[in-house]
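**Q** Provided below for reference: sequence and predicted model.
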Amino acid sequence: MQKAGKSVKRIKSLAKVDYITYLGVIIAFIVMTVLQSRGMLSRSVSGMLVPICCYICMAVSLNLTVGILGELSLGHAGFMSVGVFSGVITAMSLQSAIPNELVRMIIAIVAGAFFAAIVGLIVGIPVLRLRGDYLAIVTLAFGEIIKDLINCLLVGWDENGLHIALNFDGTKTMESLGLSENGIEIIKGAQGATGNSRIATFTMGFVLVMITLVVVLNLIRSRTGRAVMAIRDNRIAAESVGLNITKYKLIAFVTSAALAGAAGALFGMNYSNVTAAQFDFNASILVLVYVVLGGLGNIWGSIVATVVLYVLPEALREYSDYRMLLYAIILILVMLVTNNPTLRSALDILGKHLGRGKQNDAEGGAVS
Amino acid sequence: MSGSYPKPKLVPVPSTNIIPDRDADKSPILECRNLGIDFGGLSAVSDFNMAIGRTEIAGLIGPNGAGKTTVFNLLTKVYQPTRGTIMLDGKDTHSMTTAQVNRAGIARTFQNIRLFSNLSVEDNVKVGLHNQMRYGTISGILRLPGYWKEERVARERALELLSIFDMQDLASHQAGSLPYGAQRRLEIVRALASNPSLLLLDEPAAGMNPSETAELMNNIRKIRDTFHIAIMLIEHDMNLVMGVCEGICVLNFGKVIAKGTPEEIQANPAVVEAYLGKQKEA
């Protein structure tokens, strides 16, 4: 039946690719843990482990929106920001009630995911009616709005509960919250959250990456994920077979937001000081770069791209003068390589010769 | 596309959930009354009246631009009709969306193929089966027993449906990379998977050679006989239309100019005029 001359592309066994992805992440975790316990990692590398985990979750969850749902979102850092600050508030205010750091961290991550999901729902309902450029513009604006809102946010906690004020006119200070003597100042407007307890651990980061992977990969391989990808490929045809377009778009968008919120919560608990300005448009673009270079819809590609592109600027620190120049050149080269049809077909042929199927080619089209 | 594609043979589909017990009721599956739509000042379709029987194969023909595809788009609510009513199985589809119309029983194919081209052939059919699966998003993410059970049933069902066109061996291929004819067939399978009571085929034989068209004719009849559904098709290939349709409706400039059996249509002077122009008076 393949006599027709046209090459018929066979889709690789999806389950196999998924398991290899899980396996890769587990092996990387074990290797890093062993190296860390033997003291073979420098301080800067150890410090990068948790943020890398967070950014992997960010990239994988953004891939759900951009690659699987096919809608360009430029406000993903906004959801992360919601997760960061709701996570920090939760962790700080439960400090005396729950002394166990692990339990507190888990509750904070769940809270981050929950609030980001709610914000995702509120943003998603109007935004997902838009398409293409308009959706990108609105999500961009959303990211900026979240940043500005949190810049005005004053939050404190004492035995009477949470005190929240919005400092829109610049007249309010932490005193206007009226905290009691043993109250904690959690978020101080543009100064952000300072004096956080740093309770994030690499193990928790690994667990979060695994949870993100399970959620995203299982979602893609389920009835819901098929519906989402069908809508991406052809909206009119998807409607004609009875799919509720809004519902499935919203499921994908909210899931993506919730996972970004969870990643944000962990990120916030890794630093004693976070500000809203860290999660601006540039942060959204950074994550988008990871997703695009890893391949749209290609989950393990996002992971690899995140690790490489997060470590790269640090590794180039010695050449500090040329650092961003080299980074830009490498980005351009990666883009050229992944989008060059001649190179792609050459890689395909190479892949076929090197033991068929065993070799994962450098890039995947839709969902490989 | 070439004739090298293996000749499709129908494998009897034994499962009962897709074969509806509709033949007891003899009322028409579809009834259009004074259906019409205007685009600005242009009346694209007007006064369209048609009824289709439960297991009828009906044809909709007419010169280019006559409004045939517009009628399909009206039936599936891609466009909202300006005037008139559509009764599907005795129910007015007035307030329904495209997706709801599909769930109510109309499935269609498209003139310019609209597959989910990045998904596999099997997944395309499974998307068609979507509304017959019951497990939710959460059980999909957690892979609860319902997920495994329903996915297995869906896979069997998808392969069964693909076997109508002898395409089960292509199940793991990417839909967008299939040859043209196979893509057309896959579209029909996907539409069938959504368990319709009325199947709309928009130019199913476009780009096919005579032998493939002959195969398609057999397949259309077999689909009707296996699934006991009504089929309505738009086609320019007169051999196919006259060979397979039991009732034909001819459209010109958005108006029905003739209705009847193939024999009646062929003998109708208005139809001949619409296609060939007015005969010069001798």
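**A** Everything's here; your move.
**Q** Low-confidence stretches in chain A?
**A** Low-confidence regions of chain A, defined here as pLDDT under 70, cover residues A:1-13, A:337-341, A:343-344, A:347-348, A:351-368.
**Q** all strands in it, in order from the N-terminus.
**A** Remark: strands assigned in chain A by DSSP state E are A:153-158, A:161-166, A:184-188, A:193-194, A:273-274.
**Q** Flag every buried residue along the third one.
**A** When you say that, I think you mean strand A:184-188. The neighbour-count check on strand A:184-188 (16 or more other C-beta atoms under 10 Å in any protein chain shown) flags A:185-188 as buried. Every C-beta, even on glycine, is put in place using the N, C-alpha and C of the backbone.
**Q** what's around residue 226, how many residues?
**A** In the absence of a named chain, chain A is used. Using other C-beta atoms under 10 Å in any protein chain shown, residue A:226 has 27 other residues around it.
**Q** Oops, wrong one, chain B.
**A** Number of residues near residue B:226 (other C-beta under 10 Å) recorded here: 17.
**Q** Now do the closest residue to residue A:297 other than its chain neighbours: how many residues are near it, please.
**A** In space, and not counting its chain neighbours, residue A:297 is closest to residue A:67: 3.5 Å by C-beta to C-beta, 6 or more residues apart in numbering or on different chains. The number of residues packed near residue A:67 is 26, by other C-beta under 10 Å.
**Q** Same check on residue B:153?
**A** In terms of burial, residue B:153 registers 15 neighbours under the definition other C-beta under 10 Å.
**Q** same thing with residue A:305?
**A** A count of nearby residues for residue A:305, using other C-beta under 10 Å, gives 24.
**Q** what residues are up against the nearest residue to it once chain neighbours are set aside?
**A** Once flanking residues are discounted, residue A:305 sits nearest to residue A:294: 3.4 Å by C-beta to C-beta, 6+ apart. Applying C-beta atoms under 8 Å, 6 or more residues apart in numbering or on different chains, one finds that residue A:294 lies in contact with A:59, A:63, A:300-306.
**Q** do the same with residue A:89
**A** Counting by C-beta under 8 Å, 6+ apart, residue A:89 makes contact with A:111, A:155, A:157, A:162, A:186-187, A:193.
**Q** For residue B:23, give me the pLDDT.
**A** Predicted confidence (pLDDT) for residue B:23: 39.
**Q** so what's the residue of the stretch 101-250 of chain A found nearest chain B up against?
**A** Per C-beta to the nearest C-beta, the residue of the stretch 101-250 of chain A with the smallest distance to chain B is residue A:222, at 2.9 Å. Taking C-beta under 8 Å, 6+ apart as the criterion, residue A:222 is in contact with B:135, B:137, B:140-141, B:147, B:151.
**Q** now it: how far from residue B:139?
**A** Applying C-beta to C-beta, to the nearest Å, the value for residue A:222 to residue B:139 is 8 Å.
**Q** Give the intersection of the neighbour lists for those two.
**A** With C-beta under 8 Å, 6+ apart, residue A:222 and residue B:139 have common neighbours residue B:147.
**Q** And for the closest residue to chain B within the stretch 51-200 of chain A, the neighbour number?
**A** At 9.7 Å from chain B, residue A:70 is the closest residue in the stretch 51-200 of chain A, using C-beta to the nearest C-beta. Using other C-beta under 10 Å, the number of residues around residue A:70 comes to 21.
**Q** Go ahead and confirm it touches residue A:232.
**A** Yes: the pair residue A:70 and residue A:232 passes the contact test of C-beta atoms under 8 Å, sitting 3.4 Å apart.
**Q** Per-residue confidence, the residue nearest the centre of chain B, what does it come out as?
**A** With distances taken as C-alpha atoms, centre = their mean, residue B:200 lies nearest the centre of chain B, 2.3 Å away. Residue B:200 is assigned 96 on the pLDDT scale.
**Q** would it count as being in a helix?
**A** No: the assignment for residue B:200 (DSSP: H, G, I helix; E, B strand; the rest coil) gives strand, which keeps it out of a helix.
**Q** tell me which of the contacts of residue A:294 is nearest to residue B:192?
**A** Of all the contacts of residue A:294, the one with the least separation from residue B:192 (C-beta to C-beta) is residue A:63, at 32.9 Å.
**Q** which residues are in contact with stretch B:132-140?
**A** With contact meaning C-beta under 8 Å, 6+ apart, stretch B:132-140 is reached by A:218-219, A:221-225, A:251, B:17, B:144, B:146-147, B:150, B:154, B:194-195.
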